[in-house]
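Chemist: Quick one: sequence plus predicted model below, questions after.
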Amino acid sequence: LRARGVRVYGAGDRPENRAHPCAMSIQAHGVGKNLQAWSHAYVLEPPSGGTTWEQLLGRLHRQGQTADEVVFRLAHHAEPFRRALVSARYDARYIEATSGNSQKLNFATYP
């Protein structure tokens, strides 16, 4: 990725507050990072948990986001990735039904 001009951020790295092509780990950057400068993301390994998706989507889709639309593209070419998304959507519906808290994954549009 670096050879193609993509910046790679590891745990503890603070991305610049302007959008640019980069790669970030969900685990390392899922909590406590404000990535609202970005409006497009590509998820290479879709997580299977609703709470992980809520954190992931919330890094870009948050108060102060200036883009009209936030877009997440997913790698879902393999069966494990498709199953992970199905599991996460089920989990997000369960969280919403039991807690009453809206989950971003439930109001996302899918192709």
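Modeler: Received the coordinates, thanks. Residues are numbered from 1 along each chain as shown.

Chemist: helices and strands of this structure: which one bottoms out on pLDDT?
Modeler: Here the helix or strand of the chain ranked lowest by mean pLDDT, DSSP states H and E is helix 26-29, holding a mean of 74.

Chemist: So what's the gap between that one and the chain middle?
Modeler: 10 Å (Cα atoms, centre = their mean, to the nearest Å).

Chemist: same check, this time on stretch 45-64
Modeler: The chain centroid and the centroid of stretch 45-64 are separated by 4 Å under Cα atoms, centre = their mean.

Chemist: residues making contact with it?
Modeler: 26, 29-31, 33-36, 38-39, 41, 43, 70, 72, 74-76, 81, 83-85, 87-95, 103-105, 108 (Cβ atoms under 8 Å, 6 or more residues apart in numbering). Where C-beta positions appear, they are placed from N, C-alpha and C, glycine not excepted.

Chemist: Pull out the buried residues from it.
Modeler: Within stretch 45-64, the residues that count as buried by 16 or more other Cβ atoms under 10 Å are 46-48, 50, 52-61.

Chemist: and that stretch, how far apart are its ends?
Modeler: One end of stretch 45-64 sits 27 Å from the other (Cα to Cα, to the nearest Å).
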